[in-house]
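Peer 1: need a structure here:
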Amino acid sequence: MEKITAQQMLDCVERELKMRRKVYPGFVRQRKMTEQKAHYELRVMEAICEEYRLRCNQLDLVEMCDGRAAQTDDREGDRPQGDFRW
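Peer 2: The predicted structure follows:
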């Protein structure tokens, strides 16, 4: 089974938020959901989106650093001294 990436999860959450922004006003008009509940659910989904954005940015930075570390491992002079580990 293929691993789901952080970017794929973010994309999914963003699609869900976009859909909810379209659908919730109709739910409120049809009295299937209160306006307060709609605002609450959107705020929660927005917070989830922001959390995943931060995670994706952090993962990008880690991957960039890992890539740099792999490049410097090939050059003897660039290796850290002592017990320091990448």
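Peer 1: what sits against residue 37?
Peer 2: With CB atoms under 8 Å, 6 or more residues apart in numbering as the criterion, no residue contacts residue 37. All C-beta atoms are positioned from the backbone trio N, CA, C, and that covers glycine.
Peer 1: helices and strands of this protein: which one has the lowest mean pLDDT?
Peer 2: Ranked by mean pLDDT, DSSP states H and E, the weakest helix or strand in the chain is helix 35-73, scoring a mean of 81.
Peer 1: quickly note the distance from the most centrally placed residue in the chain to residue 17.
Peer 2: For the chain, the residue nearest the mean C-alpha position is residue 52 (2.1 Å; CA atoms, centre = their mean). Distance, residue 52 to residue 17, by CB to CB, to the nearest Å: 11 Å.
Peer 1: what of residue 56?
Peer 2: From residue 56 to residue 17 the distance is 15 Å (CB to CB).
Peer 1: repeat for residue 57
Peer 2: Residue 57 sits 18 Å away from residue 17, going by CB to CB.
Peer 1: looking at the two, which one has more neighbours?
Peer 2: The neighbour comparison of residue 57 against residue 17 (other CB atoms under 10 Å) goes to residue 17, with 17 against 11.
Peer 1: average pLDDT for the helix or strand harbouring the more buried one?
Peer 2: For residue 17, the host element (DSSP states H and E) is helix 6-29. Averaged across helix 6-29, pLDDT comes to 94.
Peer 1: thanks again, I'm all set now.
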